[in-house]
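[1] predicted model and sequence follow; I will ask about them next.
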Amino acid sequence: MIPAGRTAIDTGGIGEIYGLTRKQVQNRRLWELPGAPKPFKEGARRPLYDRAQWEAFAAGRELPVWRVGTRTDPLDLLDQDEAAEVLDVGTSTVRAYATEGRLTRVDVCGVTHFRRRELVHRKENPGEPGRPPRPREK
């Protein structure tokens, strides 16, 4: 989950902060430096990090800290696994909903996310079962 109001970056964003290419960041494995900021989601295939934390880390300042466990903001961005958990469905169903236009994708550094408010609305208003009807051609 990317909490509301926070800016996510990937290794390319870390490279911008340090003046390095994405490949240089990967070769130097900057995320493994002692005290380096942790990704929003540990173990993610493509980890995303908080920009403000990396900027502070690169400048040698104390990392900004945000409250943990306040997972209720409607503007939070949830990845496919987290969206599936909110909707109580499988990730393939979340992908299908997005493909069918039932959910709006938000691309963050190449990783698909969904807004919490839309997921909660969808759960509370599931709509008709099956695929939505296709618009008629004129």
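    Arrived safely, thanks for sending.

[2] would you mind giving the domain segments of this protein?
    Following automatic domain parsing, the chain resolves into domains at 8-59, 77-124.

[3] so can I have JSON lines of the ones you listed showing distance to E137 and mean pLDDT?
    In this view, the C-beta of every residue, glycine as well, is placed from N, C-alpha and C. Listed next are the domains of the chain as JSON lines, based on distance: least, CB to CB, whole Å; pLDDT from 0 to 100:
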{"stretch": "domain 8-59", "distance to E137": "38", "mean pLDDT": "94"}
{"stretch": "domain 77-124", "distance to E137": "17", "mean pLDDT": "93"}
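
[4] residues of the biggest strand by length in the chain that come out buried?
    When the chain is parsed with DSSP state E, its longest strand is strand 111-115. Buried positions in strand 111-115, judged by neighbour count with 16 or more other CB atoms under 10 Å: 111-115.

[5] which is the next helix or strand following that strand?
    helix 116-124 (DSSP states H and E).

[6] what helices and strands are in contact with that next one?
    Applying 3 or more CB pairs under 8 Å, 6 or more residues apart in numbering; DSSP states H and E, we find helix 116-124 packed against strand 77-79, helix 80-87.

[7] between the buried residues of strand 111-115, which is closest to L77?
    Closest approach to L77 among the buried residues of strand 111-115 (CB to CB): H113, at 3.9 Å.

[8] show me the beta-bridge partners of the nearest residue to that closest one once chain neighbours are set aside.
    Sequence neighbours aside, L77 is the residue nearest to H113 in space, at 3.9 Å (criterion: CB to CB, 6 or more residues apart in numbering). Beta-bridge pairing for L77 (DSSP bridges): I2, R115.
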